[in-house]
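Enquirer: Show me how the following folds:
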Amino acid sequence: MKIRTRFTLLFAVIVGVILFFFSISIYYLSETYRQNDFNSRLQDRGISKLKLLLLDSIETKNLISKYSDDINYHSLKSEGLVIYLGENKIFYQDNHTPLPDSEIVNFIKPDQTLKWSEKEIEFIGFSYNYNSKDYIIFSSGHDVHGLKYIANLKRTLIFRGIILLLIIFISGWLYAGQFLKPITNIVQQASKITYSNLNQRLTTGNSNDEIGQLTSTFNKMLERLETSFNSQKRFVSNASHELRNPLTAINGQIDVALMKDRQHEEYKTVLHTISKDIKNLRTLTNNLLELANNDETLLQHFEEVRIDEVLWVVRDEIARLNHEYKIQIHFDYDLENDSHLTCKGDAKLLETAFINLIDNACKFSIDKSVEIKISSDSTNIILLFIDKGIGMPSSYIKHVFEPFYRGGNTHGIMGNGIGLSLVHRIIKLHSGKIFIRSKQNIGTTVEIVIPNLSRF
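Expert: Take a look at the predicted model:
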């Protein structure tokens, strides 16, 4: 069921229920007023008739005759009257009016009024004291005009209610259509956006209402999707290029080596070069696989990790592969609690991040050295990777975490521009932060902040 239909039905039901209870209340109040008014009239007629019957003068007949004419003029259909003097003595009875049951007569007390109805005839019984005597009066009648009015009111409420429900349904349908029109426009515009026109945006109306906020949010999402899609395209393009280059170089060196017979040393040189290219290709492939991994999959392997132990393992590994690299590690003297150096994470991922940072620092430093400082505060582990390399201008820093980005001053230095983007993702995965401060021809400092166990 569409929202418009559902909204219209809900609107019609809510207003219909309100209208129903409103009509019921009108009918109930009108019927209550009619009954009270008619009972008052019956009571007044009974009292007036009693007083007329008690007149003891020659004018009684004239008054009774006049009263009878007035009654006939304002007649009540099936009007009846029975008057008791005390509880058992009948003082007056109309010819056509039956006597009430003795139980009903005995029930009537000075403070008790009895009301009931039988076949549209309404009765009222009450006690009345006149000239120091107690009378019990039973007055009855059929309220023709009042019942006709109530019946007419009932028909009016029913038929008008049905007409109003129809009007409410049509109004709700039109109102829902008008209300949902901006959403319909959003759906129509969004259905036209594909991968080929992600730069297209939805038109925003009133940006202050919820529809405007929805449109703005959708446009922001489109901007993020466009950025991500363009980044993905660049990533695929750059990855293809970076993978093709070493493969082309390896293939070219093998073809050149096979063109003619060569000396043993020449073959050895070619094999060393090919081995170096394969190592770079393997590093690039591993980094690409790390970037392609799902964050949720990586989070499943998190455990308690000592940062200093990871750094010692990384230092030994890099020293084994690159003898010219110089790595110095300095600890803050205040690090006495093991929890200050322990975090929740994946040791292999942290090793990958630290290897990339140390390799970058040594690779771009003239003396191939890096200084690592380890400290902590109450909740974080703080690592500083300091080199005295070529540095970079501030315009480069905002792009360093983009995959395959390399600054213009890195020509001639081996690399593929994927290391820092991988580091950034790993640190972010560990709920950490990374900051870079650099000055051209002076050096670069990379600061890593990772939550330690004292926070948990």
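
Enquirer: Which strands or helices does the top helix by length along the chain pack on?
Expert: Using DSSP state H, we find that the single longest helix of the chain is helix 3-53. Helices and strands touching helix 3-53, by 3 or more C-beta pairs under 8 Å, 6 or more residues apart in numbering; DSSP states H and E, are helix 59-73, strand 77-85, strand 89-93, strand 121-130, strand 133-142, helix 144-191. C-beta coordinates here come from the backbone N, C-alpha and C atoms, glycine included.

Enquirer: Adding mean pLDDT and distance to residue 310, write these out as JSON lines.
Expert: Written out in JSON lines, the entries for these read as follows (pLDDT from 0 to 100; distance: least, C-beta to C-beta, whole Å):
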{"stretch": "helix 59-73", "mean pLDDT": "50", "distance to residue 310": "112"}
{"stretch": "strand 77-85", "mean pLDDT": "85", "distance to residue 310": "105"}
{"stretch": "strand 89-93", "mean pLDDT": "88", "distance to residue 310": "114"}
{"stretch": "strand 121-130", "mean pLDDT": "90", "distance to residue 310": "97"}
{"stretch": "strand 133-142", "mean pLDDT": "90", "distance to residue 310": "102"}
{"stretch": "helix 144-191", "mean pLDDT": "88", "distance to residue 310": "47"}
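
Enquirer: For residue 419, give me its contacts.
Expert: Applying C-beta atoms under 8 Å, 6 or more residues apart in numbering to residue 419 gives the contacts 287, 356, 357, 359, 360.

Enquirer: same thing with residue 306?
Expert: Applying C-beta under 8 Å, 6+ apart, we find residue 306 in contact with 338, 341, 342.

Enquirer: Give me the neighbour count for residue 310.
Expert: 20 (other C-beta atoms under 10 Å).

Enquirer: circling back: filter the contacts of residue 419 to the buried ones?
Expert: Applying a neighbour-count criterion of 16 or more other C-beta atoms under 10 Å, the buried members of these are 287, 356, 357, 359, 360.

Enquirer: any idea how far residue 312 is from the residue nearest to the third one when sequence neighbours are not counted?
Expert: Setting aside the residues directly before and after it, residue 357 is nearest to residue 385 in space (C-beta to C-beta, 6 or more residues apart in numbering), at 4.8 Å. Going from residue 385 to residue 312 by C-beta to C-beta, to the nearest Å gives 15 Å.

Enquirer: cool, and residue 274?
Expert: With the distance defined as C-beta to C-beta, residue 274 ends up 32 Å from residue 312.

Enquirer: before we move on, back to that, would you mind telling me which of residue 385 and residue 312 has the busier surroundings?
Expert: More neighbours sit around residue 385 than around the other of residue 385 and residue 312, counting by other C-beta under 10 Å; the figures are 21 against 12.

Enquirer: continuing past the host helix or strand of the more buried one, what's the next helix or strand?
Expert: Using DSSP states H and E, residue 385 maps to strand 380-387. Sequence order places helix 394-397 as the next helix or strand after strand 380-387, per DSSP H and E.

Enquirer: Give me the distance between that following helix and the centre of its chain.
Expert: With C-alpha atoms, centre = their mean, to the nearest Å as the basis, the distance from the averaged C-alpha position of helix 394-397 to the chain average is 40 Å.

Enquirer: Neighbours of residue 122, how many?
Expert: Residue 122 sits with 22 neighbouring residues when counted by other C-beta under 10 Å.

Enquirer: For it, give me its contacts.
Expert: Residues counted as contacts of residue 122 (C-beta under 8 Å, 6+ apart) are 35, 38, 39, 42, 115, 116, 140, 141, 142, 143.

Enquirer: Let me see the confidence value for the fourth one.
Expert: Among the per-residue scores, residue 42 holds a pLDDT of 90.
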